[in-house]
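Student: I'd like to go over a predicted model; first the sequence, then the structure.
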Amino acid sequence: MRKKIIAGNWKMNMTPTEAKALCETLVPLIKGTKNEVVFCVPAVDVTTVVKAVKGSGIKVGGENIYFEDKGAFTGETSADMLLDAGAKYVILGHSERREYFKETDADINKKVLKALEKGLTPILCCGESLEQREQGITIDWIRMQLKIALQGVSAEQAKGMVIAYEPIWAIGTGKTATTAQAEEVCKAIRLLIQELYDRKTANAIRIQYGGSVNAKNAAELFAEPDIDGGLVGGASLKADFGTVATA
Ligand code: 13P
């Protein structure tokens, strides 16, 4: 049985002071859940959040890393920096990074390899635009994104990873994919993993759905056989996340 993993993606929200207050609200609401819960937070908040969730079982992640170890890369965060600050996870290849910061599949592949080398667990994002869905190329597109992002990743490494399927048209729009649409793509992702690796790896890897997940729709989505939890934006910034994380 795969353990469900529910991650909040705070995006560019929460100062350290606000982050501490949000943790004080959320930690008691999440206590005792059988799910794995991760707060993926801005790099500058990691230390504060690690301290604020201590003893609760909640894990902390970053929202991005650069693929070099260190050096003259002004403004970037390394895997070692996140790890030393206490993070265990990192979101990679989010559609906002692809769109606004021009990250390519090849960049994302380098970041995935670096995270794995250092011992950070990637939450690797993929997802189609509305135009691609309407053209009927959703599954082809996602297979391509993942095939590139997973180049050079071993079965052993893939087993521990998390893949987040986030249709771009469902992000921040309040327009959630239907449960059937979300399950169809998550199932196709699991089949791709079986094709690239083997059945054991496909059964072990966790696949999340993301895009307008909220306190009302989370339980139904997470009950699908191939949806092992969610990557949650807006609803992770308020008390509703207590309901989502324990669904
Ligand atoms: P929303 O939950 O706000 O739609 O954001 C989803 C997302 O992008 C999580 O990474």
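Tutor: Great, that's in hand. Numbers count the residues shown, from 1 in each chain.
Student: does the residue of the chain positioned farthest from its centre sit in a helix, a strand or a coil?
Tutor: Relative to the mean C-alpha coordinate of the chain, counting by C-alpha atoms, centre = their mean, the farthest residue is Ala72 (27.7 Å). Classification of Ala72 using DSSP: H, G, I helix; E, B strand; the rest coil returns coil.
Student: Repeat that for Glu68.
Tutor: Secondary structure assignment for Glu68 (three-state DSSP): coil.
Student: Verify the contact between it and Ala79 for me.
Tutor: No: checked against C-beta atoms under 8 Å, the pair Glu68 and Ala79 is beyond contact range at 9.6 Å. No exception for glycine: its C-beta is placed from N, CA and C like everyone else's.
Student: quick one: common contacting residues for those two?
Tutor: Common neighbours of Glu68 and Ala79, using C-beta atoms under 8 Å, 6 or more residues apart in numbering, are Lys114.
Student: And the pLDDT for the closest residue to the ligand within the chain?
Tutor: Closest to the ligand within the chain is Gly233: 2.3 Å, counting by C-beta to the nearest ligand atom. In this model, Gly233 is scored at 98, pLDDT.
Student: What of Gly230?
Tutor: We note a pLDDT of 98 for Gly230 in this prediction.
Student: do the same with Ile207
Tutor: Ile207 carries a pLDDT value of 98.
Student: ok, then the element right after the helix or strand where it lies?
Tutor: Ile207 belongs to strand 206-210 when assigned by DSSP states H and E. For strand 206-210, the succeeding helix or strand toward the C-terminus, using DSSP H and E, is helix 218-222.
Student: buried stuff in that next one?
Tutor: Buried residues in helix 218-222, defined by neighbour count with 16 or more other C-beta atoms under 10 Å: Ala218, Leu221, Phe222.
Student: Serialize these to CSV and add fields for pLDDT.
Tutor: Formatted as CSV, the buried residues of helix 218-222 follow (pLDDT from 0 to 100):
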residue, pLDDT
Ala218, 97
Leu221, 98
Phe222, 98
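Student: could you give the mean pLDDT of the top helix by length along the chain?
Tutor: The helix that spans the most residues within the chain, counting by DSSP state H, is helix 179-196. For helix 179-196, mean pLDDT rounds to 98.
Student: Could you do stretch 66-80 as well?
Tutor: On average, stretch 66-80 scores 98.
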